[in-house]
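> From the sequence below, what's the structure:
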Amino acid sequence: MGAWEDAVDDLYGGPLGDFVARRDAAARAARTAGDRDLAARIAALRKPTVAAWAVNLLVRDDPSLADQVRAVGEGLREAERTLDGPALRELTTQRRKLVAGLAQQARRLASAAGQKVSDAAAQEVERTLTAALLDPAAAQAVTSGALTHAQEHVGFGASPHGTGSDGTGSDGAAEQDVDVASPGRRSGTEGTTTSDDDAPPAADGPAGRPATPRSGDATTRRAEQERLRAARDRERAERERARAAEALAAAEDTLAQARTRYDDAARADQDARRDLEDAQRASEEAYRAEEDLVRALADVRRRLAEARSALPRADERLVTAQQHARQQEKAVRVAQRTLDRATSAADRARDRVDGPEG
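Next up is the predicted model:
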């Protein structure tokens, strides 16, 4: 690849958050290298939207995506061209499943790259992928891997040429009505509208006299006109059936999206209900714990009050016991002195008794 292709691939294949910084750095590098034209082209590159960036991730992650888009898109356009209702319904169902799967994959890839894809951006991804399947120009833009904004298919049916009826695209994804040839454009007797002015001149009769018109010729012309009218009615009915099939497919697509949103909402509601139940249980447990603590605190306060009320009596008993202990201690000292004197007297008396004999 050249310098331009390398720059585009690096910018649109890298992180979305620093796109501008990387683009400006690449432009400065090109200017420093003396390639002012390349620098200007790089500087003009637009930062992709989240949806476009997610689609770029998807294209780069799945090399077979371009072939899938082309195959389904060509099948849809062929079914519309041939007014094949069953094939159109089958391909539309295939398109819807493919778009839903690819959109989810793009969302997962973006999340893995650290970029959140909102529901609105996810819907833009689905519309972009749908446009790529219905319009060749949109498919080319999407599979380039350098998409800058979401694509959207406008109008009815698949576009056979990738442009709108005015010859211009809508973000590369406008469309034309289904191109069905009218009976007057077909070749052969069935496709040729005739009138009395277009009928060949009657052949001359014998001797150059004009032949007398026969009633069978008028009957044949009327039958031919009726047949052509019936053919036009059949084609008109086929076109209406194809439009109805596409409308049914679009309605089923909308229904599938609505069901997906409903399922997401239902899951979110279930999650919210579970969170609410968990919060209610936690609240009840907290209230029970509070009640237990309040009861325990009340018991502690009761025992504290009893202890405080018993404290004066205990102090009084302590004082009385201390006084009694001091009195007993004094009595012991008195008794000890008395004992000591009695012992001394007894010793002296014993000495006197023992003294003369000795």
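
> Report the rounded mean pLDDT for the helix or strand containing residue 270.
Element membership for residue 270 (DSSP states H and E) is helix 215-354. Averaging pLDDT along helix 215-354 yields 81.

> Could you do stretch 50-70 as well?
The average pLDDT within stretch 50-70 is 90.

> Show me the domain layout of the protein.
48-143, 188-198+219-283 (automatic domain parsing).

> nearest to residue 7, of the ones you listed?
Closest approach to residue 7 among those (CB to CB): domain 48-143, 14.5 Å. In this view, the C-beta of every residue, glycine as well, is placed from N, C-alpha and C.

> Which other helices and strands does the helix holding residue 270 contact?
Taking 3 or more CB pairs under 8 Å, 6 or more residues apart in numbering; DSSP states H and E as contact, the helices and strands that helix 215-354 lies on are helix 85-112.

> can you give me the offset of the following helix or strand past the helix it packs on from its chain's centre?
Going down the chain from helix 85-112, the next helix or strand is helix 119-134, by DSSP H and E. Chain-centre distance of helix 119-134: 12 Å, with CA atoms, centre = their mean, to the nearest Å.

> List the buried residues for helix 119-134?
When burial is assessed from 16 or more other CB atoms under 10 Å, helix 119-134 yields the following buried residues: 121-122, 124-134.

> Can you convert the residues you listed into CSV and add a column each for pLDDT and distance to residue 11?
Formatted as CSV, the buried residues of helix 119-134 follow (pLDDT from 0 to 100; distance: CB to CB, whole Å):
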residue, pLDDT, distance to residue 11
121, 93, 20
122, 93, 23
124, 94, 20
125, 94, 20
126, 94, 25
127, 94, 24
128, 94, 19
129, 92, 22
130, 92, 26
131, 91, 23
132, 89, 21
133, 87, 26
134, 88, 28
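
> and of those, the nearest to residue 282?
Nearest member of the buried residues of helix 119-134 to residue 282, counting by CB to CB, is residue 122, at 33.6 Å.

> That closest one and residue 351: what is the separation?
For residue 122, the distance to residue 351 equals 125 Å [CB to CB, to the nearest Å].

> In TSV: the buried residues of helix 119-134, plus distance to residue 72.
Formatted as TSV, the buried residues of helix 119-134 follow (distance: CB to CB, whole Å):
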residue	distance to residue 72
121	23
122	20
124	20
125	17
126	14
127	16
128	15
129	10
130	11
131	12
132	9
133	5
134	9
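
> and which of those is nearest residue 289?
Distances from residue 289 to the buried residues of helix 119-134, taken by CB to CB, are shortest for residue 122, at 43.8 Å.

> Residue 136 contacts residue 73, doesn't it?
Yes - using CB atoms under 8 Å, residue 136 is in contact with residue 73, at 6.7 Å.

> returning to that earlier point: work out the gap between the helix holding residue 270 and the centre of the chain.
33 Å.

> How about stretch 131-144?
22 Å.

> what about that stretch, how long is it end to end?
Using CA to CA, to the nearest Å, the end-to-end distance of stretch 131-144 comes to 14 Å.

> How about the helix or strand containing residue 29, which residues are buried there?
For residue 29, the host element (DSSP H and E) is helix 19-32. By neighbour count with 16+ other CB under 10 Å, helix 19-32 contains the buried residues 19, 22, 23, 26, 27, 30.

> now the residue most central in space within the chain: how far from residue 275?
Closest to where the C-alpha atoms of the chain average out (CA atoms, centre = their mean) is residue 119, at 5.1 Å. From residue 119 across to residue 275, the span is 20 Å (CB to CB).

> Could you do residue 78 as well?
Using CB to CB, residue 78 is found at 51 Å from residue 275.

> show me what contacts residue 29?
By CB atoms under 8 Å, 6 or more residues apart in numbering, residue 29 lies in contact with nothing.

> Please repeat the previous calculation with a cut-off of 10 Å.
Shown in contact with residue 29 (CB atoms under 10 Å, 6 or more residues apart in numbering): 3, 7, 35, 38, 39, 42.

> Out of those, give me the one that has the most neighbours.
Counting neighbours by other CB atoms under 10 Å, residue 42 comes out on top of the contacts of residue 29 with 24 neighbours.

> which regions of the stretch 51-200 of the chain sit below the pLDDT cut-off?
Residues of the stretch 51-200 of the chain meeting the criterion pLDDT under 70: 83, 154-200.

> can you rerun that using 90?
By pLDDT under 90, the low-scoring segments of the stretch 51-200 of the chain are 62-98, 132-140, 144-145, 152-200.

> Phi first, then psi, for residue 68.
For residue 68, the backbone dihedrals (degrees, to the nearest 10) come out as phi -60, psi -50.

> before we move on, the earlier item: between the buried residues of helix 19-32, which sits nearest residue 310?
residue 19 (80.3 Å).
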